[in-house]
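Student: got a predicted structure plus its sequence, pasted below:
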Amino acid sequence: MIRIMAVFQKSVKRIGVFTSGGDAPGMNACVRAIVRTARARGLEVWGIEKGYVGFIENLMRPLEARDMANIIQRGGTVLKTGRSAEFMKSEYRKKGAENLALNQIDAVVCVGGDGSFRGAMALWREFQIPIVGAPGTIDNDLYGTDFTIGFDTAVNTALEATDKIRDTADSHDRLFIVEVMGRNSGHIASFVGLACGAEEVFTPEINTTVDKAVEKIMEALKKGKRSSIIITAEGQKPGRAYDLAEAIRKKTGLDAKVCILGHIQRGGSPTATDRIIASRMGSSAIDVLISGHCDLMVGIEKNEIVQVPFELATQREKKTSLDYVKLSNLLAI
Ligand code: F6P
């Protein structure tokens, strides 16, 4: 695939960095890598707080290498984050561009997801502000990168919780429906489903029906399985966890318990995998800017760092691994 990269001419002395959208474990490790790589290359770095809110409200301050001490292991984001509806309007983006100029920030690194990257694209197109992104979202829904920062930790958090649910499901011979995050995608659901040994996995991309799930649960009961776990993605349509539980109750009389894992999946200390990809992506983002390229995301494919134009990363759909769901179904006999 041909990937056309945007180039810019101006020399970069001061770089801004911000985290945006839903927080993801590993964002701090990425910010640390951005700040320290930039300092090692002789550039100044300013932190912009609360995502795009900080652009509009001028929440910007200098960051030094030492400010990054002991954050690699911390969940959340020390720069705070936000979702700014205002930034979708050109007048507020103009204000943001003016504040960057006021603080003499020449180029920016954004750690965030697709919505954040769309804001970054607009800043480049409207005001020629060079921006490079590092994919920070638990959803893993950005095209062109095998993994996003925070996904591995979220999967492990959801898995640990689901293993605990399995204990009580097994003790009571119960059926549980566990709903995981992922917005409109089923990446977390398919990974957790395979890893926890789920009896059924529902993701928005797969045509499973409640009827099929009920059929499988009844078959499993006949074979002597006493407890079952269904993993469902929050973006599942029609029917999130409570709807599924109700449908199963109506069809079978079985009391399906529901557990919505929710924001617990966004917190906690990042796994080694997330810390490592965050460090590699953050450091590469600085080198990309130094090379005069922008309007792109730094991703990871087959363990190699790659550059993906924002337009591709945000507009193409990254499909959930159907193989994982198929294997999960095969092993759930
Ligand atoms: O994008 C990350 C994510 O956690 C999604 O999985 C979820 O749908 C959404 O953010 C929730 O957003 P908020 O915390 O703003 O409600």
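Tutor: Okay, I see it.

Student: so what's the residue in the stretch 151-300 of the chain that the ligand sits nearest to closest to, chain neighbours aside?
Tutor: Residue nearest to the ligand within the stretch 151-300 of the chain (CB to the nearest ligand atom): M181, separated by 3.4 Å. All C-beta spots, glycine's among them, are computed from the backbone N, C-alpha and C. Counting by CB to CB, 6 or more residues apart in numbering, the nearest residue to M181 once its immediate chain neighbours are dropped is Q265, at 5.0 Å.

Student: doesn't that neighbour belong to a helix?
Tutor: Yes: if the criterion is DSSP: H, G, I helix; E, B strand; the rest coil, then Q265 is within a helix.

Student: that one reaches N140, doesn't it?
Tutor: No: counting by CB atoms under 8 Å, no contact exists between Q265 and N140, whose distance comes to 11.9 Å.

Student: list the residues that contact both of these two?
Tutor: Residues touching both Q265 and N140 (CB atoms under 8 Å, 6 or more residues apart in numbering) are I188.

Student: name the helices or strands packed onto the helix or strand where L100 lies?
Tutor: Mapping L100 onto the secondary structure by DSSP states H and E places it in helix 90-102. Contact analysis of helix 90-102 by 3 or more CB pairs under 8 Å, 6 or more residues apart in numbering; DSSP states H and E lists helix 52-56, helix 114-127 as its packing neighbours.

Student: just the CA trace of it, in CSV.
Tutor: Extracted C-alpha coordinates of helix 90-102, given in CSV (Å, rounded to 0.1, in the frame of the first residue of the first chain):
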residue,chain,number,x,y,z
SER,A,90,-13.1,25.9,13.7
GLU,A,91,-13.2,29.0,15.9
TYR,A,92,-11.9,27.0,18.9
ARG,A,93,-9.2,25.3,16.8
LYS,A,94,-8.1,28.8,15.7
LYS,A,95,-7.9,29.8,19.4
GLY,A,96,-5.8,26.6,20.0
ALA,A,97,-3.4,27.4,17.2
GLU,A,98,-3.0,31.0,18.5
ASN,A,99,-2.1,29.6,22.0
LEU,A,100,0.5,27.3,20.5
ALA,A,101,2.0,30.3,18.7
LEU,A,102,1.9,32.4,21.9
